[in-house]
Each structure stands twice: as C-alpha cells, then as structure tokens.
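what's the 3D shape of this:
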Amino acid sequence: MKIKRFIKAMVITLSTVMMFGVSSLMVNAEGEEASVTESGGAVTYYGTMEEAITAAQSKEGSTVSLLKDVTTESKFTINSGTFTINLNEKTWSYLNNGTYWMLEQLSTGEITIENGNITGGAVVERGGTLIFNNVDLSNDNAPALMFHNINDSKVIFNSGSVCATNYYFSVDIAKVYSKDCSMQINGGTFSGGSNSNIRVAQGAYLEMTGGEIQGTLEVNRASAKLTGGRYGMIKAVTCGNVDNLLGEGYVYRSTSEGMPWLQNTAVTEVRGVTVQQAPIQITAQPQGAAVSYGYGAAYTLSVTAQKTGTAIGEILYQWYKVKSGTETDDVAIGTNSSTYTLSKALPIATDDNYYCAVTCDGYTVNTKNVNFNVEKATPVINVNATISGEVGSRQAELSVEVSPVGEGIYPSGTLRFVDCTSGSEVDMSGATAVNMTDGKATYTWTGLADQIYKVKVVYSGDGNYNTVTSAEFEVDTIKKNQSALTIKNIGTKTCADRAFPLNTSGGSGNGAVTFTSSNPRIVSISGNIATIHKIGSVTITATKEADNTYLKATTSVLLTISKAKIVSATISGISSMNYTGKPITQLKMVLKVDGKVLKNGTDYTITYQNNKNIGRATVIINGKGSYTGTVKKSFKIKVSKGKIYTINNLKYKVTNAVSNGKGTVTLTGSSKSKSQLKGTLKICNTVKIGGKRFQITAIKAKAFKGYTKLMQVIIGKNVTTIGNQAFSGCKNLKTITIESKKLKTVEKNAFKRIYKKAVIKVPSAKVTAYKKLFKSRTGMTKIINIKKK
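This is a model prediction of the structure:
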C-alpha cells in the first residue's frame, strides 16, 4: 500500500523508468483515471480526472490524458492555465446532481479539449479560449455547449459534433455581460435542439468557415460571418436579413438540384444551403460624374471583376440604366464589355443612374448604382444694335445670339427684351417672347430719341440650358453705324494646319478689333492668331468697338475644321530589320505634321503585311480621329552574317547572307540536350530561314560532341567541312551516311570515340578520295569501315 501511494503521486522521469522498469510502472498506473504530461515530458498519474485537471492548471502547456471512461457528479471549474485535455478516445459522462453545468471554463488562458466524448451536461464557456478538436458533445434537457461569460471569451470548434435533445438549442452563444463573446466553427456536425442547433443572440458573434448545421442556425440581435459550411436553415431575427450574415465575396448555394445560386437573399430565412465563395468578385466599382451639358469628352463607366478559385466559365457583362419617369423596367444598354461609354451628344440634360450586372457560372452580382448627372449649361448672350432713321425718330435693330456651350446644340426657347434706361426694367412692346432660330433672333425697337439707351435680354432657357440674363447693353442712337465689317477670307482648314492670322476689312472709326471663337476647344484665339485643336465647326466673331463717332460693329463667319490627310505627314524612323522568326515592327517610327508629333492610336493606326519572313515588308498607316487616308511604307527584313537561328531544334550560323538561294550556313549544334537528341540526325542539303533557302556547307567544331544517344548521322550534299571534334564521343554512332561529293575537310578528332565498328557510307565515286580524307587524326580506327552507299 505504501508503494502504491508513492507511485500515485510519483513524477515519472527517464531515470525513474530506468530504475523501476516500464512494465512495473504500467501496472502501478492501473486504476488511475488520468495523467498529466508536462511540457518538459514528465508524467504524473492521478486517481481522478478532477485531480489531474486541477494539477494541470498550474503547469503551463501540459496535457491531461484520460486513461479510462469516467463519470463525474459535480460541476468542475477551470480557473486558470493554458493546457490540453486529451480524452484519449474515452467518454466523460456527467450525472446531473442539481446543476446542468458539467464543465465551466473561467480561465483567461487557452484550454484545448480533444479526441473523445463528453455527455450528460453542459460545457460552459465563461472566459478565455476553449478549443475542440474531434470531440462529440451531447446533452439532454439543456444545451451541450453554452456561453455565460464574465470575461472576454471565445470557442473554436474544429471537428466533432454537438447535439442536445429535449431542449431549445444545442449551442447557445449569447452575451450575458458586456464582454466579447464569439465562436468560430471550422468543422463538425451540429444537430438537435427543438428551436435551432445553434443560437447566436444578445450581441454575440459567430464566424463559420466549415462544418454542417443539420437543423437551424438562428442569429437573433447578434452578428455572424459565414464563409463556409452546410445549413438546413438559417434564420435572421431582428438583425436585418440573411444576406448580412455572409462574409464579403461569399454567397448561398442551394443544395437542391437546378437551383445553384441564391441571388436574392434579402430575406429573413433560407433553407437547404451551403456557403461558398462567389465565382466572381467586383474589385473596382464604376464611378459616377456630374458634367455640364455640351461637355466635350465622352464619359466611360468601367467595372473590374475577377474570377475566384471556384470559377470555370468566362465573365459576362450587361450594363443597365436604372428606370426613371414612366419606364417600368431598367433598360439594358451595353453587352459583354467591362466598360460602357455614355454618349457625349445627349439630346437633353439628364440625371440617370447606371449599374453593371456581372455574371460567371450562372452567378450574377450587380455593381453599385452610379449617378451620371448632365446639368443644364449656362449660355452666353451677345447683343448688337444697328441704328437707322431720322433725328427724333430713330430705330434700333437689336440682333441677339445665344451661343451653344461646348459641343451642345443651339439653344431653343424665347427671348425677352427689356428697357432699363430709366433705372427700372420695362418690357419692350411685343418683345416678351421672341422666338429664336439656331440661337438667333432680332427685334426692331422704334420711336427712339437721340440719346443713350440701356437694354437687357432675358433668355427663357430650355431642356439643356438655364435661364440667363445678358449684361446691360448700351444703344447709342446719337452715334453712327459703322460701314459693313467683314472677316477676310480664311479659306479651308484642316486639323493639321498651323496657327493662322485673322483680319477684317470695312468698319469705321478708331475702335479696336477683337476676335472670339464659339468653341475654344476646336479653335482658340489669342489676339488675332487662331490655333486649331481638333475637327469641328466654330463661329468666329469679329468686333470693332465703338468710338466717339461710331457704334460698335460685329460680324461672324462659320469655320469648319476638317480631317487632315495622313499622307501629308513626315515619316521617320523606318529602317531595315534583322529576321528574328517573329513579326517585325517599327518601334522607332515617328509621324509629324508641321512639326507636331502624331500619336499612335489617337491620330493613326498601324498594320503590317509580310513582316515576318526575309524580304520586303509593308507598314500600313491609317488615319484616325482628326486624320484620314492611308500611307504605305516598305522596309527590308534581312539576315546578317554571323547571326544564329534555330530551325527544328538545330542551330545554324549564317556565313553568307545573300537570300537568292546561294546563301550559306554552318550547323553549330542543337537546342536539345545531349540526353534529348537521340536516334538519327539528318543534316539536310539546305535549311529554310525566314522563307529563304540556305545551303548547309559546314558542321562546326564540337557541334555534337558527347551526344551519346546518336546512332545514325546523314550528312547532306552541300557540306564541305566537318569541324574539330564535331561528333567526338558519340559512342553509339554506328552509321554515318555522307551524301556530299564536295567534302574537302574533316578536322582533327571529328569522329573520335564513336562506335568502334561504325560504318561510313559515301558516294561510290568518292570512296578512294574519302578514305584518304578520313585519316587517323580525324578519329578513325582501322576497324571503322568506309564503303560506298
């Protein structure tokens, strides 16, 4: 009995094992319920599991191992420590004696329970971290796993199962006090519970990456992040909808046939689903914009989407304009492109929303709605007056132009003419709604005295343009009208023309002349110099200011800038190129028009003809944008002496670069390794490089040295030289057939250490000559036979 009590509390070390013997210790451990293995390896046996767990709380990193099935009758509390409880494929049962709490975790450390069964009571997490690996939890009339945290607490369930019968929930995750409360499920099976397998409530948090909830997951006034797993049902109670429970980039997939993806999950429950990564994710949303009517550049909406690891199909795109006004459905506007360009010539100012539906493998995700707002533009009103009539009975013809903005159309609507001379605004008789044509209108104001009048013009606005009032304009009936003012002939212009001067003729007095353009983006004016920027039509207006005698005078001309001919461009940077086996392009080519460097892709495009093989290639330049027409230029593709090309795994060095069939090359070796080149090597009469034939006249020194898997070589009719050690070490080379009658040189050791009984076959007329050529210095031996073919 004394020895037994001693062994009961004895720490077993290596020296102890050596002293008592393993079999003796195993016998003495019989009857003990558990052991504790410390991090250093020492093992202590305990009569009860409770004693073992109590001891482990002060042994950081230790492992409690259950040695037999055990039953406990009282709640057991873990107050401290970080350690592992290995159930060792055994069962820990609980006999409820008044409290259904079986195991209470209060430690702020990390407790791992693994490999076995826990049944009959609830495991309660109240602080720290509790990890389950391959553990089956079961209970009756109460949850099998629950939270009642007084400290920050977390459960990680990696594998096993949880089931509670005759109770509402198998797992109850609820924040009781104002502490963090979360559970992470990476695997395992959850069943039981009359209401749900797992309830997440009262501000708790669940993260689930895998596993199966056979019944219901209920999230009630709490949050969850689902990135995997299989579910019989998911219920979102007072926490939005089930969509809110998904991790970013994850979706529900039905377990039923024919219904793969659940696209509309803005509901409070779904049934029979798995959570999977969506086959596509939107990585960059389209961006909206606000512009004024008449804006110059077309606006492009774009979306970036990428496939995830689960996707196998292609990504499809469909753009929509969100329904508005009397429209009953969203309007499809663009198909199968990640971009959609909105028209820059919209007929009216608009305020619309757009989105793109992106689809892959039957799953569709919509981008966010983006707004593109084309606001009304504010036009400029120009007023001019022409005076006529007698003293005391003058009349003024008021000419008004409301200019379009940018690339917008002419304003429509009406004009109201206002007399401001007295300091108050008075509508002119019959001029409250004067119609315009192409933004222009006139009104004749009669019965005027010789004095200075002040006038305003009010534009009514339309669908594209805001209402606007002109600045006050002086009408001087005392001064004279100038003689007719004209802009001197500008002539025809293209976008390639240089800046040009503007001049006028006519007019009267000393007033300065100024020029304006209706669209400076097409033609801008500085002083009297006009600069062309792009194609289009503009109105050029000249104004000669009033002086002491004469009224102000204006005149206008319409100028259309047409496309320039690309043939007018100066082209440089085209040169002869070496053959590479790939299409040749002219990367240094530059096009200039009057010193301006044109942009490839903007002003022109380039295509090629016959630009791969040796010979003459053609570069075709087509005008684009502001340029029209086609220019063709040719360049030479050639081979250079000394260049090496690989054809059908053999390497050739150019020795004569002529491409008329008389060019020559030397065979320098193979791109294959010595182990890859095997069997028969045929050296042809000629080789085609870049579409041209070159004679193979030599085999370079050491070209095939050490190619031990060569068994036969056939040498073509044009070979005159076989280099030093060309086939040296080809120990399995048994047959050499020489087709050439031109062979003049076989250099030292060309055939040294080939197969000792090799046969060299030569043309019958060359047997005698070649026997002399193949001297012993070439590597020939007496038993190598040279004979006619």
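
from now on I want contacts and neighbour counts done on CA atoms only, so please keep to that.
OK.

surely Asn195 meets Phe169?
Yes: contact criterion Cα atoms under 8 Å: Asn195 and Phe169 qualify, at 6.1 Å.

between these two, who's got more neighbours?
Phe169 (28 against 15; other Cα atoms under 10 Å).

for the more buried one, list each beta-bridge partner.
Ser196 (DSSP bridges).

okay, now Gly325: neighbour count?
Gly325 has 5 neighbouring residues, counting by other Cα under 10 Å.

for Ala142, pull up the helix or strand it's in.
Ala142 is part of no helix or strand, with elements assigned from DSSP states H and E.

let's verify the nearest residue to it once chain neighbours are set aside: helix, strand, or coil?
Here the nearest residue to Ala142 in space, its sequence neighbours aside, is Tyr167; by Cα to Cα, 6 or more residues apart in numbering that works out to 5.4 Å. Secondary structure state of Tyr167, per DSSP: H, G, I helix; E, B strand; the rest coil, is coil.

which residues touch Tyr167?
For Tyr167, the contacting residues are 140-143, 193-194, by Cα atoms under 8 Å, 6 or more residues apart in numbering.

Val590 now?
Taking Cα under 8 Å, 6+ apart as the test, what Val590 contacts is 571-573, 597-598.

now list the buried members of those.
Burial by neighbour count, 16 or more other Cα atoms under 10 Å: within the contacts of Val590 this picks out Leu598.

count of residues packed around the nearest residue to Lys565 once chain neighbours are set aside?
Nearest residue to Lys565, sequence neighbours excluded (Cα to Cα, 6+ apart): Thr628, at 5.0 Å. Using other Cα under 10 Å, Thr628 has 18 other residues around it.

wait, isn't Thr628 in contact with Ser568?
No: the pair Thr628 / Ser568 is not scored as a contact, 10.2 Å apart, by Cα under 8 Å.

give me the distance from stretch 87-107 to the chain's centre.
Remark: stretch 87-107 is offset 53 Å from the chain centroid, using Cα atoms, centre = their mean, to the nearest Å.

follow-up on the earlier one: tell me which two of the contacts of Val590 sit farthest apart.
Farthest-apart pair in the contacts of Val590 is Gly573 and Leu598; separation 13.6 Å (Cα to Cα).

would you verify that Trp319 is located in a strand?
Yes: assessed with three-state DSSP, Trp319 lies in a strand.

so this protein: which segments form each domain?
1-99, 126-277, 280-375, 380-476, 485-562, 565-638, 650-788 (automatic domain parsing).

can you tell me the helix or strand for the residue lying closest to Gly121 once chain neighbours are set aside?
Nearest residue to Gly121 in three dimensions, chain neighbours excluded: Met102, at 4.8 Å (Cα to Cα, 6+ apart). Assessed by DSSP H and E, Met102 sits inside strand 101-105.

now Ile381
With DSSP H and E as the test, Ile381 turns up in strand 380-390.

got a list of contacts for the helix or strand just after that strand?
As assigned by DSSP H and E, the chain's next helix or strand after strand 380-390 is strand 393-403. For strand 393-403, the surrounding residues in contact (Cα under 8 Å, 6+ apart) are 379-389, 410-411, 439-450, 459, 475, 477, 518.

just the buried residues from these, in PyMOL please.
Restricted to buried positions by 16+ other Cα under 10 Å, the PyMOL selection for these reads:
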select buried, resi 379+380+381+383+384+385+386+387+410+411+439+440+441+442+443+445+448+449+450+459+475+477+518
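
in this structure, which spans are helices?
Ranges of helices within the chain are 2-8, 14-20, 22-29, 49-56, 767-773, based on DSSP state H.

rounded mean pLDDT for the second one, please.
Think helix 14-20. On average, the pLDDT along helix 14-20 is 36.

what do you get for stretch 106-125?
92.

mind listing the strands for the stretch 201-350 of the chain?
Assigned by DSSP state E, counting those that start in this stretch, the stretch 201-350 of the chain shows strands spanning 205-208, 212-220, 223-226, 230-237, 250-254, 269-277, 280-284, 289-292, 299-302, 304-307, 316-321, 331-335, 339-342.

got JSON lines for these, with distance to Val719 too?
Formatted as JSON lines, the strands of the stretch 201-350 of the chain follow (distance: least, Cα to Cα, whole Å):
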{"stretch": "strand 205-208", "distance to Val719": "75"}
{"stretch": "strand 212-220", "distance to Val719": "76"}
{"stretch": "strand 223-226", "distance to Val719": "74"}
{"stretch": "strand 230-237", "distance to Val719": "74"}
{"stretch": "strand 250-254", "distance to Val719": "68"}
{"stretch": "strand 269-277", "distance to Val719": "65"}
{"stretch": "strand 280-284", "distance to Val719": "61"}
{"stretch": "strand 289-292", "distance to Val719": "73"}
{"stretch": "strand 299-302", "distance to Val719": "62"}
{"stretch": "strand 304-307", "distance to Val719": "57"}
{"stretch": "strand 316-321", "distance to Val719": "59"}
{"stretch": "strand 331-335", "distance to Val719": "62"}
{"stretch": "strand 339-342", "distance to Val719": "60"}
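
and of those strands, who's closest to Ser728?
Closest to Ser728 of the strands of the stretch 201-350 of the chain, according to Cα to Cα: strand 304-307, at 55.0 Å.

mind listing the strands the closest one pairs with, and their directions?
Partners of strand 304-307, by DSSP bridges, with direction: strand 280-284 (antiparallel).

tell me the buried residues in the strand it pairs with?
Quick answer for strand 280-284 (16+ other Cα under 10 Å): 280-282.

and of the residues you listed, the nearest to Asn149?
Distances from Asn149 to the buried residues of strand 280-284, taken by Cα to Cα, are shortest for Gln281, at 37.7 Å.

got a pLDDT number for the closest one?
At Gln281, the model reports a pLDDT of 90.

my read: it touches Gly249, true?
Yes: the pair Gln281 / Gly249 is scored as a contact, 6.1 Å apart, by Cα under 8 Å.

can you pull the contacts of the closest residue in space to Thr414 that isn't next to it in sequence?
The shortest distance from Thr414 to any non-neighbouring residue, by Cα to Cα, 6+ apart, is to Asn435 (4.6 Å). Taking Cα under 8 Å, 6+ apart, we find Asn435 in contact with 413-415, 441.

same check on Ser505?
For Ser505, the contact set (Cα under 8 Å, 6+ apart) comprises 485-488.

distance check, it against Ile387.
20 Å (Cα to Cα, to the nearest Å).

what do you get for Thr646?
Separation of Thr646 from Ile387 (Cα to Cα): 88 Å.

please name the nearest non-neighbouring residue to Ala52.
Tyr46 (5.7 Å).

how close does that neighbour sit to Ile525?
For Tyr46, the distance to Ile525 - Cα to Cα - is 100 Å.
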